[in-house]
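K.L.:
kindly return the folded structure for what I paste below:
(one chain, ligands or ions: 1)
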Amino acid sequence: MRIEMLIGINIVALLIIIAVICFIAIKLKSRFAFNDKQFAQVNNYLNSINAFYIEVVNNKLNEISFEIQNSIYLGQLGFKYPLFLGGWSIDSFLAKYLVQQMVAQKPKTVLELGSGASTVLMARCMQIINNSYEHFAVDHEKKYLELTKQYAILNGVVEHITFWECPIQPTEEVKMLWYGGLLEKLQGKKIDLLLIDGPPGPLQKESRYPALPLLYPYLSENCTVILDDANRTDERSIIERWLKEYPEFDLVHEGSGHGIGVLTRNKLSL
Ligand SMILES: C[S@@+](CC[C@H](N)C(=O)[O-])C[C@H]1O[C@@H](n2cnc3c(N)ncnc32)[C@H](O)[C@@H]1O
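P.N.:
Residues are numbered from 1 along each chain as shown. Below you'll find the model as predicted:
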């Protein structure tokens, strides 16, 4: 009797142990399954971050390689003194765009707000394409206008450029700071190509906004307006305002480098 009881107790104990082991095994299995799911989620997340950074790095590498190509091709314009692009100056994407634009459009009158490398580039380009054109380079700072003149002399293109020093002043029409005396100098002129690369952004909010409303009467029918630094927030909102106020213009946004906004009158308005 005692032995049978002992056997019975042992069997019950064994069953309890087996049940506990089974319970623990089931719990561990579901716990591991949960962890596996979490690991898979973390893995997917890391993969997507990885893909994002690979794309960013690839895009940057592409941009750098285009910059190098552009600079090599621009050198073929035969500058006598190096043209330094980037930083405060136009980048090589805008430089390439300007060259292509000038070849296609052959503008008779060019106005540039913010002188520098762009001035020398456009003058050299027009010297090759067509000598009979007017090129007005505006700067609010004498120092930078003089520097541009020096680069133009070194490159043998100075006689094609008219340098206008127009100190920044408040304007009545748009109640913002802008190039003083410029409108008076432009009397009787019609601009075919307008490059807006000044005044500098930090001068005021939407610093370059006044250009279109103030220069509008001086734009020729087929004028092309190019705004540099169009990837900046301020320039984006300037373009939005211009398109609302002058719906006759269409916009093409080129996003490489500093970004450029190109406005031309749409066909319907002509
Ligand atoms: C964006 S920059 C114009 C650059 C010009 N279009 C070029 O391609 O070199 C606008 C104005 O900034 C001023 N500027 C130029 N270089 C500068 C510098 N290194 N530091 C501060 N202002 C500068 C000049 O008065 C210039 O008109």
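
K.L.:
gap between the residue of the chain found nearest the ligand and Asp228?
P.N.:
Proximity to the ligand, evaluated over the chain using Cβ to the nearest ligand atom, is greatest for Gly116 at 2.0 Å. Heads up, the C-betas are built off the backbone N, CA and C, glycines and all. Separation of Gly116 from Asp228 (Cβ to Cβ, to the nearest Å): 11 Å.

K.L.:
give the contact list for Ser220.
P.N.:
Applying Cβ atoms under 8 Å, 6 or more residues apart in numbering to Ser220 gives the contacts 109, 190-192.

K.L.:
the residue of the chain closest to the ligand: neighbour count?
P.N.:
Neighbourhood size, Gly116 [other Cβ atoms under 10 Å]: 24.

K.L.:
so which residues on the protein come close to the ligand?
P.N.:
88-90, 114-118, 139-141, 144, 197-198, 200 (Cβ under 6 Å from any ligand atom).

K.L.:
if we can go back for a sec, correct me, but the residue of the chain closest to the ligand touches Gly87?
P.N.:
No - counting by Cβ atoms under 8 Å, Gly116 stays clear of Gly87, with 10.0 Å between them.

K.L.:
and for Val174, the neighbour number?
P.N.:
If we define neighbours as other Cβ under 10 Å, then Val174 has 14 of them.

K.L.:
return the residues in contact with the spatially closest residue to it that is not a sequence neighbour.
P.N.:
Spatial nearest neighbour of Val174, excluding adjacent residues (Cβ to Cβ, 6 or more residues apart in numbering): Pro210 at 4.7 Å. Neighbouring residues of Pro210 by Cβ under 8 Å, 6+ apart: 171, 173-174, 176, 178.

K.L.:
among those residues, which lie within helices?
P.N.:
Among the contacts of Pro210, no residue falls in helices (DSSP state H).

K.L.:
who wins on neighbours among these?
P.N.:
Highest neighbour count within the contacts of Pro210, by other Cβ under 10 Å: Trp178, with 26 neighbours.

K.L.:
what sits against that one?
P.N.:
Neighbour list for Trp178: 168-169, 171, 199, 210-211, 214 [criterion: Cβ under 8 Å, 6+ apart].

K.L.:
likewise for Asp228?
P.N.:
90, 94, 114, 195-197, 235, 258, 260.

K.L.:
try 10 Å this time
P.N.:
89-91, 93-94, 97, 113-114, 118, 195-198, 208, 235, 257-261 (Cβ atoms under 10 Å, 6 or more residues apart in numbering).

K.L.:
re earlier: among the contacts of Trp178, which are located in strands?
P.N.:
If you go by DSSP state E, the contacts of Trp178 have 168-169 in strands.

K.L.:
what's the farthest-apart pair in the contacts of Trp178?
P.N.:
Based on Cβ to Cβ, the longest span within the contacts of Trp178 runs between Gln169 and Ala211 and measures 14.7 Å.
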